[in-house]
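1. Prediction below, plus the sequence it came from.
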Number of protein chains: 2
Amino acid sequence: MEITSTQHSEIILTGDRATGPLHLGHYVGSLKGRVELQSTHQQTILVADMQGLTDNANNPNKVSENILNVVADYLAAGIDPLQTTICLQSQLPALAELTMYYSNLVTIARLERNPTVKNEIQNKGFERSIPAGFLTYPISQAADITAFKATLVPVDGDQLPMIEQTNEIVRKINSLAGYSVLNECKPMLSKASRLPSTDGKTKMSKSMGNAINLGATEKEIRKAVNSMYTDPNHIKIEDPGSVEGNVVFTYLDAFHKDEGYVQQLKEHYRRGGLGDGTTKKILEECLQELIRPFRERRNELLNDKAQLIDILRVGSEISRNKTEQVLLDVKGVFGLNIL
Amino acid sequence: MEITSTQHSEIILTGDRATGPLHLGHYVGSLKGRVELQSTHQQTILVADMQGLTDNANNPNKVSENILNVVADYLAAGIDPLQTTICLQSQLPALAELTMYYSNLVTIARLERNPTVKNEIQNKGFERSIPAGFLTYPISQAADITAFKATLVPVDGDQLPMIEQTNEIVRKINSLAGYSVLNECKPMLSKASRLPSTDGKTKMSKSMGNAINLGATEKEIRKAVNSMYTDPNHIKIEDPGSVEGNVVFTYLDAFHKDEGYVQQLKEHYRRGGLGDGTTKKILEECLQELIRPFRERRNELLNDKAQLIDILRVGSEISRNKTEQVLLDVKGVFGLNIL
């Protein structure tokens, strides 16, 4: 298997925690972009099983059972393993070793100031009972990014502190070495606005039951669309309705191929006379059409797990070689390459 | 090279941070015991270079330059690499990987409660600017101990919290697995009382300049003994003197072969008429005799670094196989052995 992408100069590292199947939020926010980028960039996708355990150690099945689901999601959405290297975090010892070395360069106070981690600690209600692995996961992410010599890291705006943390470590290592061992990375901000959950309350979330998975059945799609948050003041069909914050319209904006038609629907809805039943019917058709090929391909893939495992194995072998080289470089900075 | 010690049932893991050459405090507190244990136990000594970096990342030479010094000290003191496996921490990726998995099972609050770490944080003046790797090093020690399936860990009394922390992790892993994957370890408390520093102020310490190294020159030994703290109230030779807290007598107790003779000296000193010059002369002779063969052997060994490296390499290879097997078992508990 030849990875043709090694000819491209920009190196992208991206990935997902393997804590659940991927959903439309992932599709819009990252998967679609990755499919576009794979032909013009050297792209690696890391299935982050170890990071998934940082807040799921007491329920590890949530991670282990989703590894192949996530790989199937990637392929179903159009990721081509001949263009994109897909690898498994737990298969790359260099990532854990780099994490150990970098841990000596980052203080606990610095980790506690990280706004992303702060937020997540609050959301998960951890307070001081936060697992050490969770507080320190920005260091592990820095290990992932630098181990692949990534130059570009696709992120959401609220993940910018992770890039900052990584580049701080890069600068410390380079300063210790007195020459450039690692390179700083740049964030690649997603152009897509974040897809809300079907209830309109938060972002779509694997764990909140308000997501539409890439493998959703027809029935699940129908149910999800029918339960979508619209305009609570739009009671009778003839009432004027609001499209802002109306999840059905947000999804039509995100997924319907005909922008002009969506524009017409919005105007009709605003002046009254367009019922939620109708807009939901239109959205459902659009989502059924979008998801059907994903689901079918995904099911086929999951029927041949040996093939998925093989893809992960080959990608992990390629990645092992790359990351071991960076580890050797970093160990060299600390003088630990005597054997 | 055959490791005959694999026939013994008790497994000992012990080791030293490679942050300086070993001194008489190490000899009395642990090295002597290891030499005795190696023929009756399956013993591994871990040269802890990665742990040495947890508070020396900005001065990594302190670690890298001492790795072979420490190995030479072991051999000079009588450690036999055919009986004891000597290995290098940074050569064993499984230790870093196990640390990552265990990090998810230990909270930051738990680490901050560890009395040994608390003490060291205070001694080093870290406060909140403590490196993450330093706060979490008890997890890394638990990885070391469990990776070798150690049943006995030689410790000082103040390191008992480390054993407790390790066994907590062992119980969590076994409870997650539902069967016994790892075994708990028992502390093996040193019978020797701790050797004070030459100034009598603290324990002998590599970093405080109050230690007598196993490779000390004749001149260094003489200088160290002459500067030793005795009884500040023992001014004239004929004055009665105190042997309690008198470092010269503590060392005579620890190192002089003739207990009865030391007893006579103590009585003479107590009633007056025995000068510090004389007691120091006696101690110096005793230490010169003890250290001479260590120093000579050590210098020979350090003149053939390739041999030392080879011993570390062989020991690390043996250890890599053992520790990788334990890593596989632990990954199995988390369901991460699909590839």
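-> Perfect, thanks for sending it. All values derive from a computational prediction rather than experimental measurement.
2. So stretch A:136-150, near chain B or not?
-> Yes: judged by Cβ under 8 Å from any Cβ of the partner chain, stretch A:136-150 and chain B are in contact via A:136, A:139-140. All C-beta spots, glycine's among them, are computed from the backbone N, C-alpha and C.
3. Mind checking the pLDDT average for that stretch?
-> Mean per-residue pLDDT for stretch A:136-150: 97.
4. go on, stretch A:164-182?
-> 97.
5. sorry, back to before: from the residues of stretch A:136-150 next to chain B, which is closest to A:I163?
-> Set against A:I163, the nearest of the residues of stretch A:136-150 next to chain B by Cβ to Cβ is A:I139 (13.4 Å).
6. what about the closest one, which helix or strand?
-> helix A:137-147 (DSSP states H and E).
7. what's that helix packed up against?
-> If you count contacts as 3 or more Cβ pairs under 8 Å, 6 or more residues apart in numbering or on different chains; DSSP states H and E, helix A:137-147 packs onto strand A:11-17, helix A:49-53, helix A:93-103, helix A:115-124, helix A:160-177, helix A:305-333.
8. Of those, which stretch is the most buried?
-> Among the helices and strands packed on helix A:137-147, ranked by average contacts under mean count of other Cβ atoms under 10 Å in any protein chain shown, first place goes to helix A:49-53 (a mean of 28).
9. I'd like the next helix or strand past it.
-> helix A:61-64.
10. Which residues are in contact with the residue of chain A most remote from its centre?
-> Ranked by distance from the centre of chain A (Cα atoms, centre = their mean), the top residue is A:E238, with 40.8 Å. Residues in contact with A:E238, defined by Cβ atoms under 8 Å, 6 or more residues apart in numbering or on different chains, are A:272-273.
11. How far away from the center of its chain is stretch A:134-141?
-> Computed by Cα atoms, centre = their mean, to the nearest Å, the chain-centroid distance of stretch A:134-141 equals 16 Å.
12. My error: substitute stretch A:122-135 in the last question.
-> The answer for stretch A:122-135 is 21 Å, by Cα atoms, centre = their mean.
13. Setting aside sequence neighbours, what's the nearest residue to A:R295?
-> A:G215 (5.1 Å; Cβ to Cβ, 6 or more residues apart in numbering or on different chains).
14. show me the contacts for the one you found.
-> A:G215 is in contact with A:21, A:69, A:72-73, A:76, A:291, A:294-295, A:298-299, counting by Cβ under 8 Å, 6+ apart.
15. Isn't A:D55 up against A:L135?
-> No: judged on Cβ atoms under 8 Å, A:D55 makes no contact with A:L135 at a distance of 10.6 Å.
16. Comparing those two, which residue is more hemmed in?
-> A:L135 (25 against 21; other Cβ atoms under 10 Å in any protein chain shown).
17. Residue numbers of the stretch 201-339 of chain A in contact with chain B?
-> Close to chain B, as judged by Cβ under 8 Å from any Cβ, the stretch 201-339 of chain A has residues A:309, A:312-313, A:316, A:331, A:333-336, A:338-339.
18. Quick check, the residue in the stretch 201-339 of chain A closest to chain B?
-> A:G335 (2.8 Å; Cβ to the nearest Cβ).
19. what sits against that residue?
-> By Cβ under 8 Å, 6+ apart, A:G335 lies in contact with B:60-61, B:63-65.
20. need those in CSV with pLDDT and neighbour count, can you?
-> Converted to CSV, the contacts of A:G335 look like this (pLDDT from 0 to 100; neighbours: other Cβ atoms under 10 Å in any protein chain shown):
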residue, pLDDT, neighbour count
B:P60, 96, 20
B:N61, 95, 10
B:V63, 96, 26
B:S64, 96, 21
B:E65, 96, 14
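21. Show me which of the residues you listed is closest to A:V181.
-> Nearest member of the contacts of A:G335 to A:V181, counting by Cβ to Cβ, is B:P60, at 13.0 Å.
22. Spatially nearest residue to the closest one, not counting backbone neighbours?
-> A:F334 (4.2 Å).
23. For chain B, what's the nearest residue on the stretch 51-200 of chain A?
-> A:S64 (2.8 Å).
24. Show me what the least confident helix or strand in chain A by mean pLDDT packs onto, helices and strands only.
-> Least confident element among the helices and strands of chain A, by mean pLDDT, DSSP states H and E: helix A:115-124 (a mean of 85). Secondary-structure packing of helix A:115-124 (3+ Cβ pairs under 8 Å, 6+ apart): helix A:132-135, helix A:137-147, helix A:160-177.
25. B:S197 is nearest to which of the ones you listed?
-> It's helix A:160-177; of the helices and strands packed on helix A:115-124, that one is closest to B:S197 (Cβ to Cβ) at 31.2 Å.
26. Output the next helix or strand after that closest one in CSV with nothing but the alpha carbons.
-> Following helix A:160-177 in sequence order, the next helix or strand is strand A:186-189 (DSSP H and E). Provided in CSV are the C-alpha atoms of strand A:186-189 (Å, rounded to 0.1, in the frame of the first residue of the first chain):
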residue,chain,number,x,y,z
LYS,A,186,-0.8,26.3,13.1
PRO,A,187,-4.5,25.9,13.8
MET,A,188,-6.8,25.3,10.9
LEU,A,189,-10.1,26.8,11.9
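27. Parallel or antiparallel, list what pairs with strand A:186-189.
-> Strand A:186-189 sits in its sheet next to strand A:152-155 (parallel), going by DSSP bridges.
28. Distance from the partner strand to the middle of the chain?
-> Averaging C-alpha positions (Cα atoms, centre = their mean) puts strand A:152-155 10 Å from its chain's average.
29. neighbouring contacts of it?
-> Strand A:152-155 has contacts (Cβ under 8 Å, 6+ apart) with A:10-14, A:30, A:33-34, A:41, A:145, A:162-163, A:166, A:185-190.
30. Swap in 7 Å and give it another go.
-> Under the criterion Cβ atoms under 7 Å, 6 or more residues apart in numbering or on different chains, residues A:10-14, A:30, A:33, A:145, A:162-163, A:185-190 lie in contact with strand A:152-155.
31. Could you do stretch A:123-139 as well?
-> Stretch A:123-139 has contacts (Cβ under 7 Å, 6+ apart) with A:51, A:54-55, A:57, A:99, A:102-103, A:106, A:111, A:114, A:117, A:121, A:162, A:165, B:100, B:103-109, B:111, B:132, B:136, B:139.
32. Over to stretch A:240-251?
-> A:196, A:198, A:200, A:228-231, A:234, A:266, A:269-272, A:276, A:279-280, A:283.
33. Would you mind listing the two of the contacts of A:G335 that lie farthest apart?
-> Longest span within the contacts of A:G335, Cβ to Cβ: B:P60 and B:E65, 9.1 Å.
34. Tell me the pLDDT of the residue nearest to A:K203 when sequence neighbours are not counted.
-> Excluding the flanking residues, the one nearest A:K203 by Cβ to Cβ, 6+ apart is A:R194, at 5.2 Å. A:R194 carries a pLDDT value of 84.
35. that's a strand at A:R194, yeah?
-> No: membership of A:R194 in a strand is not supported by DSSP: H, G, I helix; E, B strand; the rest coil, which gives coil.
36. can you tell me how far it sits from A:S30?
-> Between A:R194 and A:S30 the distance is 11 Å, computed by Cβ to Cβ, to the nearest Å.
37. that older thread, ok, the residue nearest to B:P60 to B:L53 distance?
-> 6 Å.
38. Next, show the common contact partners of the two.
-> Joint contacts of A:F334 and B:L53 (Cβ under 7 Å, 6+ apart) are B:P60.
39. If we go by neighbour counts, what in stretch A:179-195 is buried?
-> Within stretch A:179-195, the residues that count as buried by 16 or more other Cβ atoms under 10 Å in any protein chain shown are A:181-182, A:184-185, A:187-188, A:190, A:195.
40. Correction: the previous question concerned stretch A:150-158.
-> For stretch A:150-158, a neighbour-count test (16+ other Cβ under 10 Å) marks A:150-156 as buried.
41. which two in these are spaced the farthest apart?
-> Maximum distance among those (Cβ to Cβ): 18.6 Å, for A:T151 and A:D156.
42. which residues are in contact with stretch A:88-102?
-> Here stretch A:88-102 has contacts from A:46-51, A:67, A:139-140, A:142-144, A:146-147, A:169, A:312, A:316, A:319-320, A:323-324, A:326-327, A:330, A:334, B:50, B:93, B:96-97, B:99-100, B:133, B:331, B:336, B:339, using Cβ under 7 Å, 6+ apart.
43. Alright, I will stop here.
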